[in-house]
Each structure stands twice: as structure tokens, then as C-alpha cells.
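A.B. asks: Quick one, what's the 3D model for this:
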Amino acid sequence: MAWIAVGVGLSLAGGLLVQVTASRNTARYAESLEAMARALEGNRTPAYLVLEGPIAGAQRRLFAAVEALLRELDALAEQRDELDAILRSMREAVVVTGSGGEVVLINGAARELFALSPEADYRGHNFVELCRDPRLQEFVARSTAASDAQMMSTELAIAHPKQGHLRVNAAPVRVAKGAAAARVLVFSDITDLKAYENVRADFVANLTHEVRTPLSALCGYAETLLRGVDDPETQHRFLDIIERQARRLARLIDDLLTLSDLERGLTPLKLEPVDPAHLLVETTELMREPAEKHGVTLSVEAAAELPQMLGDHDRLHQLMLNLLDNAIKYTPRGGRVTAVARRAEEAEAPAGVELAVSDTGEGIPAAHIPRLTERFYRVDRARSRELGGTGLGLAIVKHIVQLHRGRLKIESRVREGTTVRVFIPCEQAQSGVA
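C.D. replies: Below is the predicted model of the structure:
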């Protein structure tokens, strides 16, 4: 009996020991899993406990798999941040849509282009609803319905949210096999490029017209003379017309070359101190004979003790000749043209000199004044050609002023006259800027 009792006691003790050991292992396993869960919730690599027993190997493999997964997640997060940085820095508007046209991704440039909120979440919204221009909506709808391998590109003139021109490219996104295709839409704002193309086309058209008129006269009168003209007076009149048209062509070519040189900056300014009063005197003397032929009185008003301008003497000389030539041409007989030099009094140019040319001509309607410095722009085209103007004089003046960091101002009243003011920084102001 005693042996039986001992055996039972040993069995109970052994069972209790196994139960306690199992409980301790279970607690350690629970502790390990809890630590792993907390680490994963914090996106950290779990520190695994060294356990013994039948599942210790499985636990080590599990921890290794978790570490590999976290490394992949870190790599994906880094790639996502890089992509986000690239999209934010792009000037082009980029939108990624799903197979149904719903927004998957949209960058800041696209939000600005389509006047969308910078903070709102547009994922899941149909992109056709977000771009409110009908032409753009039609292109987006066609690109969404296109085949998975088809790339589409077009240029559109849009009116909403503001008028402009866009170049749009739509390309399919490579996705996993069997998944619905998505598309990347890239929008490039080409409004400025289109404006430049229009300016270039207008320039070519205007230049063609300006050249054709004197050339037609030259050819017509030369052919007539070649066929023979008996009247000496008629011959002289025809030759005079040919000479005037040839000179007009020469002036046009000279002005075009000057304007091109100024716009491209091929010839740098030769900066030197320039006396404003002396500049006015020498230019008005050159224009005195043309003024007398037109019956226009030409006068000079120069303030005493003016500061020296720092500029290119030849360019400023050309500027004043252009202003005086325009004023004399458009002032009727008996009128007056006045060239003025004084200290600049405006707040925008406190340390500088104002050069001004005023006339008592017919004046210019206010609607035309903002465009007077455009190439070939004329208020009265027929009269301008009759007077021999090229339509480039004020464009040249504008560029000379800009090169001198100056400012141009045109004031005019119909039937009262026009005043063109040029503000040029003085020598001290230019040195301070440098």
C-alpha cells in the first residue's frame, strides 16, 4: 500500500510540475506575442524572446518574416516619399485615374491648374467632374474609354477655370495581370508658348505687309520708267517716289536690326557719364531742319545743374532722336515740340533724370496708349506710312529704357498733344544698384 501511495504522490507531483512549466511557457509565449503586436503597431522591429520548446523554431521564423516585412514597408514608404517629392516639385499637372476615371492621385500643380482645394481629398471622385472645361472633359472621357495600350495626346484651348492652352498626354499605367488599367494624365500649360507663337505670326504678317508696300511701288514705277516716259517732269516725280520708298525700306531694315540687337542683348551697353542737357542740345540740332520743313517750332528746356546719367551715349542719343522724330511727324504745321531735361520728381525714380518730349499734335486716344510700344503698332496706319514711319520707333525706345533700368511713361489727350517721359537713373543711383 505504501508503495502505491508513493507512486500516486510522485505522479501528482510530476503532473503539477508539467502543468506549472506549461503555464510558464504559455505566459512567455503570450508575452512574446504581445510584445510583437505592440512593436508592429508602432512600425518597429520586435525584439524576440529566446524560448525553448517545440514552437521556438517557428517563433524565430515568424520573427524573421516580420523583420523582412517591416524592411519592405520601410522601402515602400521611402519610395512613396520620393514620388511625393517629385510630384510636388513638378511644374506639370499630374493626375492618376483608375479604370473608371476616379482620381487615385493628384499633385499640387494639378490642384492649382484646375482651381481645386489644396487640402481636400479628391481620391475616388470622377476626374471628369473636377475639370470643368467641356473640351477637357471630352478628352478625359475618351482617354478613359480607350484601349489599355493606347496613348493619347492633344492640345486644347480651355476657358475654365481660366482661359489658356494646355498640352495633354494620357498614358496607360502598367498594372498586375488581370487588374483594371489605370491612366496617367499630364497637363502642360503652353499659354505663354501660344502667345509667343501668335506674336511671331503677327510680326511676320506685319513685316511682310510693311515690306510689300514699298517694294510694289519700287517695281511699279521702275517698270514704267523702263517702258519709257517722255515727260521729264513725270520722270522726275517717279524717280522721287522710288527714292522715298527705297529710303523707307532702308529705315525699316535699320530699325529691325537695331530692335533685334536690343532684344537679344548682343551688344552690351557702353556705360559712361552722360550730360542730359548736352544730349538734348545735340539731338534737337539734328532734328531742327526736319522740324522747319514741317513748320514746327522746336525748343529745349534743360534745368540747371542736372546730375550726370550713367548710360550708353549712342543708345540715349538714338532714343531722343526717335522721340523727336515721332513728335515732329505728328505735329501739324504751326505746332510746337519741346524737349525737356529735369530732375526726376516721381517717387519711383527719386535719384534720376527725366527726359521728356512734348508736342501739340492731335493726341492719342487712351485705348491705344498701352500698345504704342508694340512692334508695328500704329494708331493711324495710313497716315504713319504717308509720313514714312516704320512702326518700330517706340519699341526701340522701350528696349533702350529697359536696358538702362529706367522707366517709360506716355501721356496724351486727344486734340491737346502727347508727352513721352523717360526716367533714367543718375550716375550715383546706378553705382548704388551695382
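A.B. asks: could you show me where the helices are in the stretch 1-150 of the chain, in order?
C.D. replies: Listed from the start of the chain, the stretch 1-150 of the chain has helices (DSSP state H, counting those that start in this stretch) covering 2-41, 56-89, 108-113, 127-130, 134-145.
A.B. asks: mean confidence for the second one?
C.D. replies: Right, the one you point to is helix 56-89. Here helix 56-89 scores 71 as its mean pLDDT.
A.B. asks: Could you tell me how many residues sit around the residue lying closest to M152 once chain neighbours are set aside?
C.D. replies: Computed as CB to CB, 6 or more residues apart in numbering, the closest residue to M152 that is not its neighbour in sequence is A170, at 4.5 Å. C-betas here are computed from N, CA, C, even on glycine. One way to gauge burial is a neighbour count; for A170, by other CB atoms under 10 Å, it gives 22.
A.B. asks: What is the three-state secondary structure of I396?
C.D. replies: For I396, the secondary-structure state derived from DSSP: H, G, I helix; E, B strand; the rest coil is helix.
A.B. asks: Please disregard the earlier target; I meant T373.
C.D. replies: When the structure is split into helix, strand and coil by three-state DSSP, T373 lands in coil.
A.B. asks: The closest residue to it other than its chain neighbours - how many residues pack around it?
C.D. replies: By the measure of CB to CB, 6+ apart, the closest residue to T373 outside its immediate chain neighbours is K398, 4.2 Å from it. Here the neighbour count serves as a burial measure; for K398 (other CB under 10 Å) it reads 20.
A.B. asks: Begin at 296 from now on, thanks
C.D. replies: Okay, residue one is now 296; in that scheme the one you just asked about reads as K693.
A.B. asks: wait, isn't K693 in contact with L703?
C.D. replies: Yes: using CB atoms under 8 Å, K693 makes contact with L703 at a distance of 5.7 Å.
A.B. asks: Now the common contact residues for the two.
C.D. replies: Residues touching both K693 and L703 (CB atoms under 8 Å, 6 or more residues apart in numbering): T668.
A.B. asks: how about the strands in this structure?
C.D. replies: Along the chain, counting by DSSP state E, strands occupy 388-392, 398-401, 447-453, 459-468, 477-484, 566-569, 592-597, 604-607, 631-638, 647-654, 702-708, 712-720.
A.B. asks: partners of the last one in the sheet?
C.D. replies: As defined by DSSP bridges, the strand partners of strand 712-720 come to strand 647-654 (antiparallel), strand 702-708 (antiparallel).
A.B. asks: Quick one: mean pLDDT for that strand?
C.D. replies: Taken as a whole, strand 712-720 carries a mean pLDDT of 92.
A.B. asks: got the angle for it vs strand 631-638?
C.D. replies: Per axes from the mean of the first three to the mean of the last three CA atoms, to 10 degrees, the angle that strand 712-720 makes with strand 631-638 is 20 degrees.
A.B. asks: Ok, the first one next?
C.D. replies: What separates the directions of strand 388-392 and strand 631-638 is an angle of 90 degrees, with the same axes, to 10 degrees.
A.B. asks: can you check the longest one too?
C.D. replies: Per the same axes, to 10 degrees, the angle that strand 459-468 makes with strand 631-638 is 60 degrees.
A.B. asks: For strand 459-468, name the packing helices and strands.
C.D. replies: Here strand 459-468 is seen to pack against helix 429-440, strand 447-453, strand 477-484, helix 486-522 when contacts are counted using 3 or more CB pairs under 8 Å, 6 or more residues apart in numbering; DSSP states H and E.
A.B. asks: Show me what the third one is packed against.
C.D. replies: Judged by 3+ CB pairs under 8 Å, 6+ apart, strand 477-484 is in contact with strand 388-392, helix 403-408, helix 429-440, strand 459-468.
A.B. asks: what's the spacing between the first one and its chain's center?
C.D. replies: The gap between where strand 388-392 is centred and where its chain is centred comes out at 22 Å by CA atoms, centre = their mean, to the nearest Å.
A.B. asks: contacts for that strand?
C.D. replies: Counting contacts by CB under 8 Å, 6+ apart, the residues outside strand 388-392 that touch it are 382, 398-402, 404-405, 407-409, 422, 435, 439, 468, 477-484.
A.B. asks: Swap in 10 Å and give it another go.
C.D. replies: For strand 388-392, contacts defined as CB atoms under 10 Å, 6 or more residues apart in numbering pick out 381-382, 398-409, 417-418, 420-423, 425-426, 435, 438-439, 461, 463, 465, 468, 477-484.
A.B. asks: returning to what we had before: got TSV for the helices and strands packed on strand 477-484, with mean pLDDT and distance to F718 too?
C.D. replies: Written out in TSV, the entries for the helices and strands packed on strand 477-484 read as follows (pLDDT from 0 to 100; distance: least, CB to CB, whole Å):
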stretch	mean pLDDT	distance to F718
strand 388-392	87	41
helix 403-408	86	36
helix 429-440	85	45
strand 459-468	87	34
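A.B. asks: okay, the ones you listed, which one's buried deepest?
C.D. replies: Using mean count of other CB atoms under 10 Å, the stretch among the helices and strands packed on strand 477-484 with the greatest mean number of neighbours is strand 388-392 (a mean of 21).
A.B. asks: Cool, thanks, talk later.
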